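[1] below are the sequence and a predicted model for it; my questions follow.
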Amino acid sequence: MKYKQIQEQVNMIDKALFEELNIAVISNISFEPYFDPIVKQAFSSDHITPIIMPIRYEEYQSAESCLKLERADVIIIILNFEFMFSNLFNDIYSREKDVKTVIADVVSLCENLYYFVLNCSTSQILWFGFEDYYCKEYITKGNVTICQNLIDKLNAHIYEFINKDTTFVDLKRLIANVGISNAYHNKAKYRWHSPYSQQLISEVANEIHKQYLIEKGVTKKCIVLDCDNVLWGGILLEDGIENIKLGGIGTGRVYQDFQSFLLSIYYHGVILAVCSKNDLMDVMTTFREHNEMILKEEHISYFKVNWDNKAENIKKISECLNIGLESMVFIDDTPFEIQTVKNMLPDVMTILYNRDTVYEQLSCFNLKSDIDIENIQHRNNTFKSNQLRESLKCEFSDYNEYLKALEMRVVIKESSPVEYSRISELSQRTNKFTNGKRYTVADIKEKAAFGCYKLYSVSVSDKFSDLGLIGTIGIDCNTDGNILDLFCLSCRALGRNVENKMLQLVNEYKVKKFEFISTGKNSNIKTLFNDKIIIRQF
Amino acid sequence: MKEITIEKVLEILNTNIENAEISIGNSDVDLSQLGMDSISFIRVIVSLEEEFEVEVPDSFLLLTEMNTVNKIMNVLNSIEIEPKE
């Protein structure tokens, strides 16, 4: 696309209500002229206007660069090996330098840069790895690794020293996405040190956007799955468990691969539910007994298998799991079911199953790379035990008696650093019972470092399960009066009077102000606080 | 190649140089004093090349070679004689 067209598209975006996002880009190459407008395009759907602040690698320690780093909300580090060490491969071939020393030197340069940036800012950092696809040695040597696999070794070292709050982006993979022959732009390389093509820059911009959404916790939460021709091939009721297509080669492999993908995103925090027009016993038998099933009963938080309207079933799943419809994705192979859900529940994202396109459509999930298996197990146990709780509830006419019978234990204690990641996740994922403040792990660390900021973790368990850390309170103890800065409780623990225990603590601090940002779902939380607390709305 | 007009050149400069108000009246003023830096220079060059379907020779790709409206016009008109291959 022509530069003018991209500019025109960006100019057409109505930025009236857009939030600014400062992005500092440290690099030894240029990405002109495309980077700025393409990044703006990538963020426009989230009503964000990125302000790009380029920092030349050679000048990253200057006072001006430090100011940019301090102001940055996101910091991109993207160093180009070819421009940095133009003749290094030949120096290694001539034995003027050896690989070991080169690795030590380059890693040291990168470490200096990294720790300098860390000293200037606590913002999100994206480190783009080195790449060697520019190298033309394959023409004479064939497609063998270049220079003893130097680039991959360097990337492995960098990955090791950056801490877990920094994201390492695999630039080689982004180049693979567009194809090596489409990734470079020789004219701009020799004119103004801008070696990458518009196509690759677009890929980089989309990656920055994706990583931003991941950091902010903007993601769908739950997939509701049809079974026949989605999790396995064929119709269970008609074909029988022994004849459905699953595993082996051909069609059966397609469904097994999809299940494997679903299981991987389950381990990264996505809640899986089943909604199928079938007989429950048949579906349960398949999940429990079919050898080729990769998804097992324990991975599914809720089975809604009956002959009722699927839209009604999805609504019930949403209520039972306490997940907003806007956080749900429904996958079915029947256009009729998709259309019905679309019409009746427009907030639910629908995907008509297709072997080749279904994966791309699941890019609406923005998941962190680290896996908190304990938390996932906690969560799934809660969903399962919710069903047991519901049965117990039926035995009591008085709600308080029921809560007593649950043998609930609510523990509110000052947070420890190991809990910061979970607290950040809670602040970002909770939509209903929250004051709307969204904090990254770095934000939480920074706040907790101040002695006047009191951060509490709320954990809940009952006779059926341990829900783990499901709430948090952050109070800014100020000489002008204490401010309730952070207040959120996972929907998993709503309706159990946990909120009242949290309020008791807030009242002990004689909070004067309560900071509130609307998530579109959290207006009810304001009614919790008495008239003495001033609500500061943003 | 399209017809090169000073109006179009001014439009491109004003679009790509932040807060610039460049007019025929300041055709000889140094554009770097009006806000053009190395980044906006690249944007201007790419826009000029796209608009007039020309390729500015590498020897002119220096801020000092194209730092006034008149110099830009001269460079663009000199390319007119040697159409892009």
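    Structure received. Numbering: from 1, shown residues only, chains lettered A, B, ... in the order given.
[2] quick check: residue A:24 is in a helix.
    No - looking at residue A:24 with DSSP: H, G, I helix; E, B strand; the rest coil, it is strand, so not inside a helix.
[3] which SSE is residue A:252 in?
    Here residue A:252, judged by DSSP states H and E, is contained in helix A:251-267.
[4] same deal with residue A:350?
    Here residue A:350, judged by DSSP H and E, is contained in strand A:349-352.
[5] name every strand pairing with that strand and say which way it goes.
    Applying DSSP bridges to the sheet, strand A:349-352 is found paired with strand A:328-332 (parallel).
[6] report pLDDT for the residue in chain A sticking out farthest from the centre.
    Ranked by distance from the centre of chain A (C-alpha atoms, centre = their mean), the top residue is residue A:94, with 45.9 Å. You'll see residue A:94 listed with a pLDDT of 93.
[7] OK, contacts around it?
    Contact partners of residue A:94, counting by C-beta atoms under 8 Å, 6 or more residues apart in numbering or on different chains, are absent. Backbone N, C-alpha and C define where each C-beta goes, glycine included.
[8] rerun that using 10 Å as the cut-off
    Residue A:94 makes contacts with residue A:87, as judged by C-beta atoms under 10 Å, 6 or more residues apart in numbering or on different chains.
[9] measure it to chain B for me?
    Separation of residue A:94 from chain B (C-beta to the nearest C-beta, to the nearest Å) stands at 31 Å.
[10] from residue A:149, how far off is that residue?
    19 Å (C-beta to C-beta, to the nearest Å).
[11] what packs against the following helix or strand past the strand holding residue A:350?
    Following strand A:349-352 in sequence order, the next helix or strand is helix A:358-361 (DSSP H and E). Applying 3 or more C-beta pairs under 10 Å, 6 or more residues apart in numbering or on different chains; DSSP states H and E, we find helix A:358-361 packed against helix A:251-267, strand A:328-332, strand A:349-352.
[12] could you pull out the buried residues of the top strand by length along chain A?
    When chain A is parsed with DSSP state E, its longest strand is strand A:466-476. Across strand A:466-476, burial judged by 16 or more other C-beta atoms under 10 Å in any protein chain shown covers A:467-476.
[13] which one of the residues you listed is nearest chain B?
    Among the buried residues of strand A:466-476, residue A:476 lies closest to chain B (C-beta to the nearest C-beta), at 37.7 Å.
[14] check contacts around the closest one.
    A:447, A:450, A:452-454, A:482-486, A:509, A:511, A:513, A:515.
[15] name only those of those residues that count as buried.
    Burial by neighbour count, 16+ other C-beta under 10 Å: within these this picks out A:447, A:453-454, A:482-486, A:509, A:511, A:513, A:515.
[16] contacts with chain B among these, please.
    The subset of the buried ones among the contacts of residue A:476 within reach of chain B, by C-beta under 10 Å from any C-beta of the partner chain, is empty.
[17] confidence score at the residue positioned nearest the centre of chain B?
    Residue closest to the mean C-alpha point of chain B, counted by C-alpha atoms, centre = their mean, is residue B:72 at 4.4 Å. pLDDT, residue B:72: 95.
[18] thinking it is in contact with residue B:47, fair?
    No - Residue B:72 is beyond contact range of residue B:47, at 11.2 Å (criterion: C-beta atoms under 10 Å).
[19] run a quick neighbour tally on residue A:352.
    16 (other C-beta atoms under 10 Å in any protein chain shown).
[20] sorry, back to before: can you put the buried residues of strand A:466-476 in a markdown table and add pLDDT?
    Below are the buried residues of strand A:466-476 laid out as a markdown table (pLDDT from 0 to 100):
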| residue | pLDDT |
| --- | --- |
| A:467 | 79 |
| A:468 | 85 |
| A:469 | 91 |
| A:470 | 90 |
| A:471 | 94 |
| A:472 | 96 |
| A:473 | 95 |
| A:474 | 95 |
| A:475 | 94 |
| A:476 | 92 |
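[21] all helices of the stretch 401-538 of chain A, in order?
    A:420-429, A:441-449, A:498-508 (DSSP state H, counting those that start in this stretch).
[22] one step back: any shared contact partners between residue B:72 and residue B:47?
    Counting by C-beta under 10 Å, 6+ apart, the shared contacts of residue B:72 and residue B:47 are B:9, B:12-13.
[23] picking that back up, out of the helices of the stretch 401-538 of chain A, indicate the one that is most buried.
    Ranked by mean neighbour count under mean count of other C-beta atoms under 10 Å in any protein chain shown, these are led by helix A:420-429, which reaches a mean of 22.
[24] the residue in the stretch 51-200 of chain A positioned nearest to chain B: what's it in contact with?
    Closest to chain B within the stretch 51-200 of chain A is residue A:192: 5.2 Å, counting by C-beta to the nearest C-beta. Counting by C-beta under 10 Å, 6+ apart, residue A:192 makes contact with A:29-30, A:32-33, B:38-39, B:41-42, B:45-46, B:61.
[25] okay, now residue 19: neighbour count?
    If you meant another chain, say so; for now it's chain A. Neighbour count for residue A:19, taken as other C-beta under 10 Å: 11.
[26] correction: the question concerned chain B.
    Residues lying near residue B:19 (other C-beta under 10 Å) number 7.
[27] tell me, what's the model's pLDDT at it?
    At residue B:19, the model reports a pLDDT of 85.
[28] ok, residue A:517 next?
    89.
[29] just residue A:25 next, same as before
    So residue A:25 comes in at 98 (pLDDT).
[30] isn't residue B:4 right up against residue B:49?
    No - Residue B:4 lies out of contact with residue B:49 (C-beta under 10 Å); the separation is 11.6 Å.
[31] what residues do those two have in common as contacts?
    Jointly contacting residue B:4 and residue B:49 under the rule C-beta under 10 Å, 6+ apart are B:76, B:79.
[32] report the distance from the biggest helix by length in chain B to the chain centre.
    Secondary structure assigned by DSSP state H gives helix B:38-52 as the longest helix of chain B. Taking C-alpha atoms, centre = their mean, to the nearest Å, the mean C-alpha location of helix B:38-52 is offset from the chain mean by 7 Å.
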